[in-house]
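Sequence plus predicted model, see below.
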Amino acid sequence: MTAPQETKIHIRPATADDNAFVLSLVPRLVAFELPKGRHKCACTAAIRADVARGLRNPSADDCFFIAEGPRGARTGFLRLQVQRDFFSGVRACHISDLVVANGHDGRGIGRALLDHAQKWAKANRCKLLTLAVFPGNARARALYERAGFTVELLRMAKPLQGTRR
């Protein structure tokens, strides 16, 4: 049985009152099989630190948005970062984080957040919308592909034995 469709999704800028909610969703960013050499605890800690830093130091080029359901319940968040594309130098909007809260999958929230990212990027004169996704995050990859994203660059990594961090 599939989850019922969300009837109305409102997306608004995040406020300081949303910080705990946003940080509570960080584990969802690694809730699948990670690549060899990546560990959930270390990845979660690194993501949490990065997100917390962004929440503490908001800027025009690093923005957080909250998705709310029809009764105002928070259902997900989106983080956008304005950057320069390495290859072309054009202004780009990078979807740093996009998370749907537990129990709200399949209700159009991820798609609504993607649509918001695209509208925001266009309104902020960005020429490119980018994101990165772990290979094991099949659900997110399928959403991004349905939304028109294609693989542009594959990042490869090799864990080295006997090296210290």
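Right, received. Where do you want to start?

Contacts only, for Ala138.
Neighbouring residues of Ala138 by CB atoms under 8 Å, 6 or more residues apart in numbering: Phe32. In this view, the C-beta of every residue, glycine as well, is placed from N, C-alpha and C.

my read is Phe77 is in a strand, agree?
Yes: counting by DSSP: H, G, I helix; E, B strand; the rest coil, Phe77 falls inside a strand.

That one reaches Cys63, doesn't it?
No: applying CB atoms under 8 Å, one finds Phe77 not in contact with Cys63, separated by 10.8 Å.

Between the two, point out the one with more neighbours.
Counted by other CB atoms under 10 Å, Phe77 and Cys63 do not tie: Phe77 has more neighbours, with 25 against 20.

which ones are touching the more buried one?
Contacts of Phe77 (CB under 8 Å, 6+ apart): 14, 18, 21-22, 25, 64-67, 97-99, 113.

which residues touch the longest helix belonging to the chain?
Using DSSP state H, we find that the single longest helix of the chain is helix 40-56. Helix 40-56 has contacts (CB under 8 Å, 6+ apart) with 14, 16, 19, 22-23, 26-27, 29-30, 34, 62, 64, 79, 96-97.

Among those residues, which pair sits farthest apart?
Ala16 and Leu34 (30.8 Å; CB to CB).

In strands, which of the contacts of helix 40-56 appear?
62, 64, 79, 96-97 (DSSP state E).

Can you lay out those residues as a markdown table showing distance to Ala52 and pLDDT?
Shown next, in a markdown table, are the ones in strands among the contacts of helix 40-56 (distance: CB to CB, whole Å; pLDDT from 0 to 100):
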| residue | distance to Ala52 | pLDDT |
| --- | --- | --- |
| Asp62 | 12 | 97 |
| Phe64 | 11 | 98 |
| Arg79 | 12 | 98 |
| Ser96 | 13 | 97 |
| Asp97 | 12 | 97 |
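
Adding distance to Phe87 and neighbour count, write these out as a markdown table.
Formatted as a markdown table, these follow (distance: CB to CB, whole Å; neighbours: other CB atoms under 10 Å):
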| residue | distance to Phe87 | neighbour count |
| --- | --- | --- |
| Asp62 | 22 | 17 |
| Phe64 | 27 | 20 |
| Arg79 | 23 | 22 |
| Ser96 | 19 | 20 |
| Asp97 | 23 | 22 |
